[in-house]
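Trainee: Predicted model follows, preceded by the sequence.
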Amino acid sequence: MARATSLIAVVGITVGVAALIVALALANGFRDEMRDKILRGTAHLTVMRSDGQPLPDYKEVAGRIATIQGVVTAAGTTYDGAVVIGPRASGYAVLRGIDGTSPQAIADIQRSLMAGSTDHVFATSEIQRLEQDYPAVVLGSELAARTGLNLGDTAEIIAARSGFSSASGRTRHVRVAGIFRSGLFEYDSTWVYLPLETAAAFSGDNHAASVISVQVKNIYDVKQTAAKVREFLGSSYTTVDWQEANRPLFTALALERRIGVIIIALIILIAALNITTTLILIVMERRRDIAVLNTMGATPSSIMSIFVIEGAIVGALGAIAGVTLGAISTVIANRYQLISLPAEVYSISNVPLNLQFRDMALAALVAFVLSIVATIYPARAATRIRPAEMLRDAG
């Protein structure tokens, strides 16, 4: 009976540790995937005027920001609402104006490009611009599918700030030169990349940017860099970093991670209680042997250590097996992309499991400590057995 209970305890701890490792890897993967995809399409730090007005001198301001320590690049950009009309349907869009002189901004778009090219979108020469019948844009894959637009098609765009006073000012025509897929549903279903000058003209702010997008060397030191930018530019400008802009999301993910750890730790605790049951059975079965050890001079601490060591062995076996099972499970899940999500709900379609050594160590440590704690009661019960009474009853 004791052996069967010990086996159940080992299996329970193994499953609990493996589940904790997979849950932590899933939480890490979801958080990192969201962060990477968000930062791939948006700035680490956004600089804007305190009064919310456009920046006609954005190139000068961006050049000054680029000299600040910790800043990699700075470029003007715009975010304007619009309606895109295609052959199949119309849809809401965000016009993301990109400074064609910023290699970093164009490289970010090219990394997510799944069809077409950006060569004609951000043409730098006047001759190239004149050769184009309509301004070229890059659409998100979901937006293109919803509106029925393909490469080379002409789309109509109605910018939210263009006004509706005349037909010519209301509708603009653009040509689809590329389609991108960032992996983040919010971007793929709404964003349209186009030259900054074109986006500004559509919204009525010719040659002006609404904000400055700043990329920093260390995304986790972004607040220190933001403080330097504000100090350098003065009170006329304000900043919003990526952590502030996405605080509700990452706060919710952190809370979800903590709750998951607590719930699965309780599962491991329940499994560890089997160790208590096992050792109680052993104490009941071995009372005569314990009494003999007492008469031979064994101290209470040495008898107690016997049961503590047995519980530690069970906990260690379960922890090692659980870490192994959890690591194998994460590898298999990543290889075959087993964690799939509806993109329209969770923004991403697939979640990689990010396994970290500290999480495996944490799961194993929690299981081992709980296993040791589970031995305290039966070990103390063993030390309270009176040799004289036990041997008299046995005789």
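Mentor: Thanks, I have it.

Trainee: which residues of the stretch 1-150 of the chain score low on pLDDT?
Mentor: In the predicted model, the stretch 1-150 of the chain carries pLDDT under 70 at residues 1-2, 123-132.

Trainee: could you redo the last one with a cut-off of 50?
Mentor: Low-confidence segments of the stretch 1-150 of the chain (pLDDT under 50): 125-128, 130.

Trainee: Tell me where it has strands.
Mentor: 45-49, 71-85, 90-98, 113-116, 136-140 (DSSP state E, counting those that start in this stretch).

Trainee: Does anything pack onto the third one? Which helices or strands?
Mentor: The helices and strands touching strand 90-98, judged by 3 or more C-beta pairs under 8 Å, 6 or more residues apart in numbering; DSSP states H and E, are strand 71-85, helix 103-111, helix 141-147, strand 154-159, strand 191-195, helix 196-203. From N, CA and C alone the C-beta is placed, and that goes for glycine too.

Trainee: Over to the shortest one?
Mentor: Here strand 113-116 touches strand 172-180, going by 3+ C-beta pairs under 8 Å, 6+ apart.

Trainee: Provide the contact partners of the helix or strand just after the strand it packs on at residue level.
Mentor: Once strand 172-180 ends, the next helix or strand along the chain (criterion: DSSP states H and E) is helix 185-188. Applying C-beta atoms under 8 Å, 6 or more residues apart in numbering, the external contacts of helix 185-188 come out as 37, 41, 140-143, 180-182, 343-344, 346-349.

Trainee: For helix 185-188, list the C-alpha coordinates in CSV.
Mentor: This file holds the C-alpha atoms of helix 185-188, laid out as CSV (Å, rounded to 0.1, in the frame of the first residue of the first chain):
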residue,chain,number,x,y,z
PHE,A,185,-4.2,41.0,-36.0
GLU,A,186,-4.8,44.6,-35.0
TYR,A,187,-2.1,45.8,-37.4
ASP,A,188,-2.8,43.3,-40.2
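
Trainee: Can you tell me the closest non-neighbouring residue to I267?
Mentor: Ranked by C-beta to C-beta, 6 or more residues apart in numbering and with sequence neighbours excluded, the top spatial neighbour of I267 is G16, at 4.6 Å.

Trainee: related to what we said a few turns ago, which of the contacts of helix 185-188 lies closest to V292?
Mentor: Y346 (62.9 Å; C-beta to C-beta).

Trainee: Tell me who's in contact with that closest one.
Mentor: F185.

Trainee: One more pass at 10 Å, please.
Mentor: Contacts for Y346 (C-beta atoms under 10 Å, 6 or more residues apart in numbering) come out as F30, E33, M34, F185, S340.

Trainee: Just send the strands of the stretch 1-150 of the chain back as TSV, with distance to R288 too.
Mentor: Output for the strands of the stretch 1-150 of the chain, formatted as TSV (distance: least, C-beta to C-beta, whole Å):
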stretch	distance to R288
strand 45-49	74
strand 71-85	75
strand 90-98	79
strand 113-116	76
strand 136-140	77
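
Trainee: Pick the most buried one from those strands.
Mentor: strand 136-140 (a mean of 27; mean count of other C-beta atoms under 10 Å).

Trainee: ok and that strand relative to strand 154-159, angle-wise?
Mentor: Between strand 136-140 and strand 154-159, the angle comes out at 80 degrees (axes from the mean of the first three to the mean of the last three C-alpha atoms, to 10 degrees).

Trainee: returning to what we had before: for the strands of the stretch 1-150 of the chain, which one sits closest to G315?
Mentor: So among the strands of the stretch 1-150 of the chain, strand 45-49 is nearest, using C-beta to C-beta, at 47.0 Å.

Trainee: Check the offset of the closest one from the chain's centre.
Mentor: Centroid separation between strand 45-49 and its chain, computed with C-alpha atoms, centre = their mean, to the nearest Å, is 24 Å.

Trainee: That strand: partners in the sheet, and parallel or antiparallel?
Mentor: Partner strands for strand 45-49, per DSSP bridges, with pairing direction: strand 211-216 (antiparallel), strand 237-241 (antiparallel).

Trainee: Show me which parts of the helix or strand following the first one are buried, residue by residue.
Mentor: Pointing back at strand 211-216 there. Downstream of strand 211-216, the first helix or strand assigned by DSSP H and E is helix 222-233. By neighbour count on 16 or more other C-beta atoms under 10 Å, the buried set for helix 222-233 is V222, T225, A226, K228, V229, R230, L233.

Trainee: Looking at those residues, which two lie furthest apart in space?
Mentor: Most distant of the buried residues of helix 222-233, by C-beta to C-beta, are V222 and L233, 15.9 Å apart.

Trainee: Can you identify each of the helices in the stretch 251-395 of the chain by residue range?
Mentor: Counting by DSSP state H, counting those that start in this stretch, the stretch 251-395 of the chain has these helices, from start to end: 287-295, 300-335, 343-346, 357-374, 376-383, 387-394.

Trainee: and those, which one is worst for confidence?
Mentor: Of all the helices of the stretch 251-395 of the chain, the minimum mean pLDDT falls on helix 387-394 (a mean of 56).

Trainee: Spell out for me which residue occupies the centre of this structure.
Mentor: R31 (1.3 Å; C-alpha atoms, centre = their mean).

Trainee: Surely that residue and I348 touch.
Mentor: No. Between R31 and I348 no contact is recorded; they are 11.1 Å apart, counting by C-beta atoms under 10 Å.

Trainee: so what's N350 bridging to?
Mentor: Residues in beta-bridge contact with N350 (DSSP bridges): S340.

Trainee: Can you spell out the domain ranges of this protein, please?
Mentor: The chain breaks down into these structural domains: 2-36+249-394, 76-213 (assignment by automatic domain parsing).

Trainee: re the thing from before, most widely separated two among the contacts of Y346?
Mentor: For the contacts of Y346, the farthest-apart pair by C-beta to C-beta is M34 and S340; their separation is 15.5 Å.
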